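Q: Mind looking at a prediction? Sequence and model below.
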Amino acid sequence: MTIKHVITAGVLSALLASCSAAPPSPKTQQAALPTIGTSGHEDSQKPAKQFFGAKSTGSEQAAAPFGSYAKGCVAGAAQLAETGPTWQAMRLSRNRNWAHPATVDYVKDLSRVAARQPGWNGLYIGDLSQPRGGPMLSGHASHQIGLDADIWLRPADNLSLSVAQRENISSVSLRRNKGAFVNENWTPQHEAILKAAASDPRTARIFIFPGAKVKLCETATGDRSWLRKIRPWFGHHYHFHVRLKCPAGAEGCIDQAPPPPGDGCADAQAWVNNILNPPPPDPNAKPRKPRRELRLADLPVQCADVLQSP
Ligand SMILES: [Zn+2]
């Protein structure tokens, strides 16, 4: 098996829910990877989310992501502490504050940057992954290999929120006009935090609504190379989504293709134009097939061990 497989970006035609941010992957490459399906596992044909959704702790294994962002699992995940000096994990009942240790480190580092912003004392952290990654019983197509993190756009001014408060408090939306523009909640602090997040070499992509990307394109000064990693996407107006690259030496971890060269500002403007003036429906468009639910058989073969490990 080759050390790393790169999936080329697919078409962006599928209208995906918030955080279903992984492009479809070419079947030819999937076929080349050993899966649980090729190993004759007795539960192969059952929905994978049942198994991964039932795990309450990480596996006692060396940390490793297996597979791709929307089809895989994570061994040896670490749990982000529910409260730290510069962060709080939100919605603890979901038990999704688990991730590859590299992601936990990243989130802590970014929260320290956020804590230096006026009005912010750190970050409110949304979903990372389930304790062993994998498909979820609800929400998210991605977040499966412990390298995705949702970060609230609400300024984390109070880091003493109780567990109950963190169940009930809401983030704030920054969008106006269906995501074509930012609203009055947008601040220069948001730009500073997004710039820090995107400038980090560990980051592969950041997903946020189109109007936010266009706003950044208008206001960013100096080195603008970080804008390349900020990608417009559906939803993502209460939180932004950070996707990290596969950690160095992570065999079996499948990187997404890098974003196209350039700052991506024209592309973001095209998204905005489509929101403001939706193109007429294509009479020849084929109805989209609903995404097939992942079975255990679809996942990388290592994910069987991840599930079985204590
Ligand atoms: Zn997300």
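A: Arrived safely, thanks for sending.

Q: which stretches of the stretch 51-200 of the chain form helices?
A: 101-115, 163-168, 188-199 (DSSP state H, counting those that start in this stretch).

Q: Give the rounded mean pLDDT of the first one.
A: Per-residue pLDDT values across helix 101-115 average out to 98.

Q: got a list of contacts for it?
A: 63, 76-80, 84-87, 99, 120-123, 125, 128, 146-149, 151, 156, 189, 192-193, 196-197, 200, 202-203, 242, 244, 247 (Cβ atoms under 8 Å, 6 or more residues apart in numbering). The C-beta positions use only the backbone N, C-alpha and C, and glycine is treated the same way.

Q: got the residues of the stretch 151-300 of the chain near the ion?
A: The stretch 151-300 of the chain has residues His241 near the ion, with proximity defined as Cβ under 5 Å from the ion.

Q: quick revisit: which members of the contacts of helix 101-115 are classed as buried?
A: Buried subset of the contacts of helix 101-115 (neighbour count, 16 or more other Cβ atoms under 10 Å): 63, 76-80, 84, 86-87, 99, 120-123, 125, 128, 146-149, 151, 156, 192-193, 196-197, 200, 202-203, 242, 244, 247.

Q: Residues in a beta bridge with the residue in the stretch 151-300 of the chain that the ion sits nearest to, which ones?
A: Per Cβ to the ion, His241 is where the stretch 151-300 of the chain lies closest to the ion, at 3.6 Å. With DSSP bridges as the criterion, His241 is bridged to Asp150, Phe207.

Q: And it, what's its pLDDT?
A: pLDDT, His241: 98.

Q: ditto for Val172
A: 98.

Q: Pretty sure it sits against Asn183.
A: No. Using Cβ atoms under 8 Å, Val172 is not in contact with Asn183, being 9.1 Å away.

Q: Kindly compare burial across the helices of the stretch 51-200 of the chain and name the winner.
A: Among these, helix 101-115 has the highest mean neighbour count (mean count of other Cβ atoms under 10 Å), at a mean of 20.

Q: That one and the ion, are they touching?
A: No. Helix 101-115 stays clear of the ion (Cβ under 5 Å from the ion), getting no nearer than 12.0 Å.

Q: which residues touch His239?
A: Gly126, Asp150, Ile151, Trp152, Leu153, Ser171.

Q: which non-adjacent residue is nearest it?
A: Asp150 (4.6 Å; Cβ to Cβ, 6 or more residues apart in numbering).

Q: if we can go back for a sec, so which of the buried ones among the contacts of helix 101-115 sit within strands?
A: The strands, defined by DSSP state E, take in 78-79, 84, 87, 99, 123, 125, 148-149, 151, 203, 242, 244 from the buried ones among the contacts of helix 101-115.

Q: Residues contacting stretch 57-65, please?
A: Under Cβ under 8 Å, 6+ apart, the answer for stretch 57-65 is 72-79, 98, 100-102, 131-133, 145-147, 246-247, 250-253, 302, 305-307, 309-310.

Q: pLDDT value on Gln45, please?
A: 93.

Q: Tell me how far the residue nearest to it when sequence neighbours are not counted lies from Cys303.
A: Spatially, and ignoring its direct neighbours in sequence, Gln45 is nearest to Arg295 (5.5 Å; Cβ to Cβ, 6+ apart). Noted for Arg295: a distance of 11 Å to Cys303, by Cβ to Cβ, to the nearest Å.

Q: cool, and Leu128?
A: 18 Å.

Q: quick revisit: of all the contacts of His239, which comes closest to Thr35?
A: Asp150 (27.4 Å; Cβ to Cβ).

Q: show me what contacts the residue positioned nearest the centre of the chain?
A: When the chain is reduced to its mean C-alpha position, the nearest residue by Cα atoms, centre = their mean turns out to be Asp148, at 3.6 Å. Asp148 makes contact with Cys19, Ala21, Tyr69, Thr103, Leu128, Ser129, His140, Ser142, His241, Val242, Arg243, Leu244, according to Cβ under 8 Å, 6+ apart.

Q: picking up where we left off before, mutual contacts of Arg295 and Cys303, please.
A: Ala48.

Q: got the buried residues for stretch 34-49?
A: Thr35, Ile36, His41, Ser44, Pro47, Ala48, Lys49.

Q: Among those residues, which lie within strands?
A: Within the buried residues of stretch 34-49, no residue falls in strands by DSSP E.

Q: how about the residues you listed in CSV, adding distance to Phe207?
A: What follows is the buried residues of stretch 34-49, written out as CSV (distance: Cβ to Cβ, whole Å):
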residue, distance to Phe207
Thr35, 27
Ile36, 28
His41, 33
Ser44, 32
Pro47, 26
Ala48, 23
Lys49, 22
